[in-house]
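Enquirer: I need the structure of the sequence given here:
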Amino acid sequence: MEGFLAIINDLQDVFSTVGVSPEVISLPQIVVLGSQSTGKSSVLESIVQKNFLPRGTGIVTRRPLIIQLMQDTQAEEPWGTFLHAPEKKFTDFDAIGDEIVRDTDRVCGGNKNINSEPITLKVYSPDLPTLTLVDLPGITKNPVGDQPRDIEQQTTALVRKYIENPNCIILAVSPGNIDIANSESIKLAKEVDPEGNRTLAVITKVDLMEKTAENSRVLEGKVIPMKLGIVGVINRTQAQIDANIPMKECLKMEAEYFKTHFNYMSSEMGTPYLVQRLCKVLMAHVKQCLPELIIRITEQKVVQQNTLDALGPRIEDESGALADLVMNFCREFERNMEGKNSVLMSGAKREISGGRHLFDIFETTICQELEKITLPEDIEADITHEIMSAAGDRPALFIPNIVFENLASRQLQQYIFPIKKSIKKCSETITEIVSIISKKIFERFPVLKRETHQISLALLLTKTQVVEKFIDSYIQCELCYINTNHRLFTKNKSQLEKSEADGKDKDGLSVDEMNARKIKALLDLYIHIIRNQLMDVVPKTVVCYMVQHFCDDLHKDLMKQLFASDRIDDLMKEDMLLEEKREKAARMLEALEKAEAITSLLE
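Expert: Predicted coordinates:
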């Protein structure tokens, strides 16, 4: 059994060294829980058989204290050492108390704040069993002196972090001179362990309890049942401590008291029985938790390895790494445009490729918006007005070409705004895709990410301006020359004139009305042709310049500007948080590998 529990101590050391919170691995351990002035310190010192815990007013224990008892039959006298100072060997237990105070102040400062970073004390003795106890700060209800105002919340939160661990045995210390129903430690233990499956209660100051049948029932476990039992102990009095009465003498007096007053259950009372009971309970609990512990260690190894893989190794060749990152960025963008990769855009419910995002813009912003633009309902009145205006001071015998051209130009100008809007939306979409990909590729390097983003957007702006200029010129060409000799226009115009010759829908119409209707039909025909051309030209121009030419020039511009900046060291500086995260994950992985090797000895 001693070797078994010693290995658990080794695991505790491994994870304490890397600062792992108790809930991460959930090691089997005994946590000592109690309010201030419950006799918790006296219980621990009676178990260790040495005075070593700091004493004073207010909250004294301000950090978890992991006390590892190690049986050493070769030791001539008890001695101790700390995990944070393994080279120091303490044979004076008063000095151990001083070291606890000194290291507590180092971490917590000189005020009364608490901290969750544990202190690990190893005590070697030929007279002690191998056992580990975690002493937590006592639950403080009211702040005293310079204690923080929220000291109760702080201590309760710290205690809960430990006792909520399902693999934790709770040693709930409660004084015998108060009603157990009002015990803060029992109450807190019940909250996390309502069935009492992992709670062992210790009633201190039994000699101060009133000798009543009800109190006997408390010690027998009939008032508040605990499946791990209830053990009564007698604390050393302050007079005994001041008189420096040996611990063994105090334990003899304790045993005599229980034989005298509780003879029928004296064999299950007192500090020696408590130690025996704790060893037995912890041993059984370790065996029960071992399979889950091994699984937990294996799972955490995978988590930490995945974290390291995601963070990547430290950079050795900065120039080579920079070139690779730029190439990966350009390839990722190109593959996204080709539909081989996808991104989650703002406002989108699922990931789709950047190319598909542009296609949706072409369909919605260009096609649908242009199709919404139709001839006004009163266009015939405008046509009549244009015919009369063109005729001047003479009657209009024929319809001048200028009438059709003016009306067609006016209608085509309405396409300019939705086309510019669509180009802008395409630019915004590509900008967001660049931002998403740069964040993904250059996550480790914030300066490089910023520089790459700026160079990419500058290039995109240039390509966008080329598209805008090209489309402006194209629309100006359409406005400057209304091509009534367009093949599709002449073909459909012939069909229209043939229909008019058949005399359909002419009855009751004046010549002016018939002319207006004819011009309207021709306008609708011509505008439809130009609209279809724009719906084809705009997407092609966007893809040509803002996608294809952008991709062609992106790698060249990035390499030229990034390597010419003479700032490669600066560009390749990692985010400090990521570096800390990598180091933490590496330490944790190393600890888990050691833990895996240790647990293999238990199987």
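Enquirer: alpha carbons only for contacts and neighbour counts from here, please
Expert: Noted.
Enquirer: what about the residue nearest to residue 321 when sequence neighbours are not counted, how many residues close to it?
Expert: Leaving out its chain neighbours, the residue that sits closest to residue 321 by CA to CA, 6 or more residues apart in numbering is residue 315, at 7.1 Å. Residues within reach of residue 315, counting by other CA atoms under 10 Å, total 13.
Enquirer: Residue 315: which element?
Expert: If you go by DSSP states H and E, residue 315 is not part of any helix or strand.
Enquirer: gap between residue 570 and residue 420?
Expert: Using CA to CA, to the nearest Å, residue 570 is found at 39 Å from residue 420.
Enquirer: between those two, which one's more packed in?
Expert: Set residue 570 next to residue 420 and count neighbours by other CA under 10 Å: residue 420 wins out with 18 against 13.
Enquirer: which residues of this structure fall in strands?
Expert: Ranges of strands in the chain, per DSSP state E, are 29-33, 65-71, 79-82, 85-90, 119-125, 131-135, 168-175, 199-204, 230-232.
Enquirer: Strand 168-175 and the first one, what's the angle between them?
Expert: Per axes from the mean of the first three to the mean of the last three CA atoms, to 10 degrees, the angle that strand 29-33 makes with strand 168-175 is 30 degrees.
Enquirer: Determine how far strand 29-33 lies from the middle of the whole chain.
Expert: 30 Å (CA atoms, centre = their mean, to the nearest Å).
Enquirer: and it, which strands flank it?
Expert: Looking at strand 29-33 with DSSP bridges, its partner strands are strand 131-135 (parallel), strand 168-175 (parallel).
Enquirer: ranking those strands by burial, who's on top?
Expert: The highest mean neighbour count among the strands paired with strand 29-33, using mean count of other CA atoms under 10 Å, belongs to strand 168-175: a mean of 26.
Enquirer: what angle do that strand and strand 199-204 make?
Expert: If you take the same axes, to 10 degrees, strand 168-175 sits at 20 degrees to strand 199-204.
Enquirer: Show me the contact partners of strand 168-175.
Expert: Residues from elsewhere that reach strand 168-175 (CA atoms under 8 Å, 6 or more residues apart in numbering): 26-35, 38-40, 162-163, 180, 183-186, 189, 198-206, 282.
Enquirer: again, 7 Å this time
Expert: Under the criterion CA atoms under 7 Å, 6 or more residues apart in numbering, residues 28-34, 38-40, 163, 183, 185-186, 198-205 lie in contact with strand 168-175.
Enquirer: Run the chain-centre distance for it.
Expert: Computed by CA atoms, centre = their mean, the chain-centroid distance of strand 168-175 equals 34 Å.
Enquirer: Check stretch 553-570 too.
Expert: Taking the mean of its C-alpha atoms, stretch 553-570 sits 33 Å from the chain's own mean (CA atoms, centre = their mean).
Enquirer: List the buried residues of it.
Expert: For stretch 553-570, burial by neighbour count (16 or more other CA atoms under 10 Å) applies to 554, 555, 557, 558, 559, 562.
Enquirer: Ok, stretch 106-118 next?
Expert: Applying 16+ other CA under 10 Å to stretch 106-118 flags 107, 108, 112, 113, 114, 115, 116, 117, 118 as buried.
Enquirer: Among those residues, which pair sits farthest apart?
Expert: Comparing all pairs in the buried residues of stretch 106-118 by CA to CA, the longest separation belongs to 112 and 118, at 16.0 Å.
Enquirer: just to revisit the earlier point, quick check: of the buried residues of stretch 553-570, which lies closest to residue 513?
Expert: Taking CA to CA as the measure, residue 513 sits nearest to residue 554 out of those, at 58.4 Å.
Enquirer: In contact with that closest one: list those residues for me.
Expert: Applying CA under 7 Å, 6+ apart, the residues contacting residue 554 are 330, 456.
Enquirer: What's the per-residue pLDDT of it here?
Expert: At residue 554 the predicted local confidence, pLDDT, stands at 94.
Enquirer: before we move on, what about residue 148?
Expert: 72.
Enquirer: what's the neighbour count on it?
Expert: Other residues within reach of residue 148, judged by other CA under 10 Å, total 16.
Enquirer: where's it relative to residue 141, distance?
Expert: From residue 148 over to residue 141 the distance is 11 Å, taken as CA to CA.
Enquirer: Kindly check the end-to-end length of stretch 477-485 for me.
Expert: End-to-end span of stretch 477-485 (CA to CA): 15 Å.
Enquirer: tell me the mean pLDDT for it?
Expert: So the average pLDDT for stretch 477-485 ends up being 84.
Enquirer: Ok, stretch 373-389 next?
Expert: The average pLDDT within stretch 373-389 is 70.
Enquirer: I'd like the numbering to begin with 690 instead of 1 from here.
Expert: Noted, 690 is the first residue going forward, which turns the last one into stretch 1062-1078.
Enquirer: hmm, back to that, got the strands of the chain as CSV, with distance to residue 1013 and mean pLDDT columns?
Expert: Shown next, in CSV, are these (distance: least, CA to CA, whole Å; pLDDT from 0 to 100):
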stretch, distance to residue 1013, mean pLDDT
strand 718-722, 49, 90
strand 754-760, 48, 88
strand 768-771, 48, 93
strand 774-779, 45, 90
strand 808-814, 46, 91
strand 820-824, 50, 89
strand 857-864, 49, 92
strand 888-893, 58, 93
strand 919-921, 66, 93
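Enquirer: closest one to residue 1209 among these?
Expert: In terms of CA to CA, the element of the strands of the chain nearest to residue 1209 is strand 857-864, at 87.1 Å.
Enquirer: show me where pLDDT drops low in the stretch 990-1139 of the chain?
Expert: When residues are selected by pLDDT under 70, those of the stretch 990-1139 of the chain lie in 1069, 1072-1089.
Enquirer: quick one: the helices in it?
Expert: Applying DSSP state H, counting those that start in this stretch to the stretch 990-1139 of the chain gives helices spanning 1007-1027, 1043-1050, 1058-1061, 1068-1080, 1090-1101, 1105-1130, 1135-1169.
Enquirer: Would you mark the buried spots in the last one?
Expert: Yep, that's helix 1135-1169 we're talking about. Neighbour-count burial for helix 1135-1169, with 16+ other CA under 10 Å as criterion, is recorded at 1135-1139, 1141-1142, 1144-1146, 1148-1150, 1152-1153, 1155-1157, 1160, 1164, 1167-1168.
Enquirer: From the chain's centroid, how far away is it?
Expert: 37 Å.
Enquirer: now stretch 766-778
Expert: When distances are taken as CA atoms, centre = their mean, stretch 766-778 is centred 38 Å away from the chain's centroid.
Enquirer: Equivalent analysis for stretch 1113-1124, please.
Expert: Worked out by CA atoms, centre = their mean, stretch 1113-1124 lies 27 Å from the chain centre.
Enquirer: in it, what's buried?
Expert: By neighbour count on 16+ other CA under 10 Å, the buried set for stretch 1113-1124 is 1114, 1115, 1116, 1118, 1119, 1120, 1121, 1122, 1123, 1124.
Enquirer: How about stretch 951-963?
Expert: Using 16+ other CA under 10 Å as the burial criterion, the residues of stretch 951-963 that qualify are 955, 957, 958, 959, 960, 961, 962, 963.
Enquirer: Include distance to residue 997 and pLDDT when you put those residues into JSON lines, please.
Expert: Listed next are those as JSON lines, based on distance: CA to CA, whole Å; pLDDT from 0 to 100:
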{"residue": "955", "distance to residue 997": "56", "pLDDT": "88"}
{"residue": "957", "distance to residue 997": "52", "pLDDT": "91"}
{"residue": "958", "distance to residue 997": "52", "pLDDT": "93"}
{"residue": "959", "distance to residue 997": "51", "pLDDT": "93"}
{"residue": "960", "distance to residue 997": "48", "pLDDT": "92"}
{"residue": "961", "distance to residue 997": "48", "pLDDT": "92"}
{"residue": "962", "distance to residue 997": "48", "pLDDT": "93"}
{"residue": "963", "distance to residue 997": "45", "pLDDT": "93"}
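Enquirer: Next, format the residues you listed as TSV and append distance to residue 1037.
Expert: Putting the buried residues of stretch 951-963 into TSV (distance: CA to CA, whole Å) gives the following:
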residue	distance to residue 1037
955	72
957	67
958	67
959	67
960	66
961	67
962	66
963	62
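Enquirer: Tell me the one among the residues you listed nearest to residue 923.
Expert: Nearest to residue 923 among the buried residues of stretch 951-963: residue 959, at 7.1 Å, using CA to CA.
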